[in-house]
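S.K.: Model the structure of this input:
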Amino acid sequence: MPLSLQLSLVGLLATLAAGAATTPLAEEHPLLPTWKCTTSGGCVQQNTSIVLDRDSKLAKGAAGSRTAADYAAMGVSTSGNALTLYHYVKSSPASPRVYLLDSDTNKYVLMSLQDNQELSVDVDMSALPCGENGAFYLSEMAADGGGGAGASGGYGYCDAQCQGSCCNEMDILEANSMATAMTPHPCKGSSCDKNGCGYNPYASGQRNYWGPGKTVDTSKVFTVVTQFAASGGKLTSISRKYIQNGKQIGGGGTISNCGAEGGSGGLPGMGQALGRGMVLAMSIWNDATQQMAWLDAGTNGPCASGQGSPSNIQSQHPDTHVVFSNIRWGDIGSTTKS
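M.R.: Got it, this is the predicted structure:
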């Protein structure tokens, strides 16, 4: 491509991005009801919805459609309390990421989970092969998305890898049908624990715990419950259990330490972020560089080299998707009480 044409395209994209920064795409945010629970009052439905990340919107805008964010074209759909995310749409990568919006769609929902709270979600990962990642996690984003187009425009993303900017990140669930990890990534300012302090059952020696037909049978729907235990206002542990076919499954792992408090903040720092409130993000993605080996290959999972390459996934599993539903948060023991 001639240099002059390249520069023209760069200028056009910059202009579109600048325009989008001040003029958010008009859209209807798909409804996704959730529940906030207490041990005394039960669960109360929240009038929540979802919004696509701004980068998805800009990509769509650059293609010439800036009047509305096309959720279906980006692999996103909701039905009742269920959210479905497809990686590929009409053979093209979509890889969507969405955030949970409050009933006031100018603000994200801030989940405050430090003080003996839990977060539960029903998941269907049966269509996620090796190399794919259905991610359900928390980011310490600003409630208003940083102003301007803000939350209603999907602005303000940050994480412990310092994409966008650096902030605390709690990976509740990064998983496919073959492997899973739960990982806090505390940050103190711009000093973040990028590797985190994860718990992966396979890497911990539980080779028959997670997978199709295994203890947690990923060929079927199950409930993921993550509990944040605190003492004296300080986070002391993060633990995991599962519920499937009406039965509770233990052995999901407990994290009681996460690096030096004086460095990235450690587990107490993660707890402080959870106490301030964090934004729920949900996404589906794969990884051309590492092929998600850090999650599901070698000592981390049963997947073989090459299985997780994006080209293999697209050719062998073009319908790969994840479903998150029945999202509830509140006092420990309150979100799964029938």
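S.K.: right, and D102 touches V109 too?
M.R.: Yes: D102 is in contact with V109 according to CB atoms under 8 Å; the separation is 4.9 Å. The way it works is simple: take the backbone N, C-alpha and C, and place the C-beta from them, glycine included.
S.K.: overlap in contacts of the two?
M.R.: By CB atoms under 8 Å, 6 or more residues apart in numbering, D102 and V109 have these common neighbours: Q46, T48.
S.K.: Compare those two (neighbour count), which wins?
M.R.: Using other CB atoms under 10 Å as the criterion, D102 and V109 rank with V109 on top: 23 against 16.
S.K.: I'd say that one and L280 touch.
M.R.: Yes: here V109 reaches L280: they are 6.5 Å apart, a contact under CB under 8 Å.
S.K.: what touches both of these two?
M.R.: Common neighbours of V109 and L280 (CB under 8 Å, 6+ apart) are L100.
S.K.: need the contact list for G154.
M.R.: V51, L52, D53, R54, S56, K57, A69, V98, Y99, G145.
S.K.: next one: Y199
M.R.: Y199 touches A181, M182, T183, R240, G252, G253, T254, I255, counting by CB under 8 Å, 6+ apart.
S.K.: Show the pLDDT at M1.
M.R.: With respect to pLDDT, M1 has a value of 44.
S.K.: How about D124?
M.R.: 98.
S.K.: still on that earlier bit, among the contacts of Y199, which one has the most neighbours?
M.R.: That'd be M182 among the contacts of Y199, by other CB under 10 Å, with 26 neighbours.
S.K.: so what's that residue closest to, chain neighbours aside?
M.R.: Distance criterion CB to CB, 6 or more residues apart in numbering; nearest residue to M182, sequence neighbours excluded, is Y199 at 5.1 Å.
S.K.: With L85 instead?
M.R.: L85's closest residue in space is I284 (CB to CB, 6+ apart), at 4.4 Å.
S.K.: my guess is that neighbour meets L83, correct?
M.R.: No: contact criterion CB under 8 Å: I284 and L83 do not qualify, at 10.6 Å.
S.K.: Give me the pLDDT for E261.
M.R.: Reported pLDDT for E261: 88.
S.K.: S338 now?
M.R.: 59.
S.K.: ok, now D104?
M.R.: Reading off the confidence values, D104 has pLDDT 83.
S.K.: before we move on, what about the one 3 residues further on?
M.R.: On the pLDDT scale, K107 is placed at 96.
S.K.: swap in Q117?
M.R.: At Q117, the model reports a pLDDT of 98.
S.K.: circling back: what's the neighbour count on the residue nearest to L85?
M.R.: 25.
S.K.: Surely it is in a helix?
M.R.: No: assessed by DSSP: H, G, I helix; E, B strand; the rest coil, I284 does not belong to a helix; its assignment is strand.
S.K.: Offset the numbering so it begins at 335, please.
M.R.: Will do, 335 is the new start, and the previous item becomes I618.
S.K.: In contact with it, which residues?
M.R.: 409, 419-421, 429-430, 462, 466-469, 654-656.
S.K.: For it, give the beta-bridge partners.
M.R.: Beta-bridge partners for I618, by DSSP bridges, are G468.
S.K.: ok, now how distant is it from F658?
M.R.: For I618, the distance to F658 (CB to CB, to the nearest Å) stands at 10 Å.
S.K.: who touches both of those two?
M.R.: L419, G468.
S.K.: E466 is in contact with I647, correct?
M.R.: Yes: using CB under 8 Å, I647 makes contact with E466 at a distance of 6.0 Å.
S.K.: the more surrounded of the two?
M.R.: Neighbour totals were compared for I647 and E466, and E466 leads with 27 against 24 (other CB under 10 Å).
S.K.: and M604, what does it touch?
M.R.: N502, M504, P518, H519, P520, L569, I572, C592.
S.K.: tell me the contacts of the residue nearest to the fourth one when sequence neighbours are not counted?
M.R.: Spatially, and ignoring its direct neighbours in sequence, H519 is nearest to A494 (3.3 Å; CB to CB, 6+ apart). By CB under 8 Å, 6+ apart, the contact list for A494 reads C500, C501, N502, E503, H519, P520, C521, C526, D527, K528, G530.
S.K.: Please render these as CSV that adds distance to P636, secondary structure and neighbour count to the earlier fields.
M.R.: Output for the contacts of A494, formatted as CSV (distance: CB to CB, whole Å; DSSP: H, G, I helix; E, B strand; the rest coil; neighbours: other CB atoms under 10 Å):
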residue, distance to P636, secondary structure, neighbour count
C500, 33, strand, 19
C501, 33, coil, 24
N502, 31, coil, 28
E503, 26, strand, 28
H519, 25, strand, 27
P520, 30, coil, 30
C521, 32, strand, 23
C526, 30, strand, 23
D527, 27, coil, 24
K528, 25, coil, 14
G530, 22, coil, 22
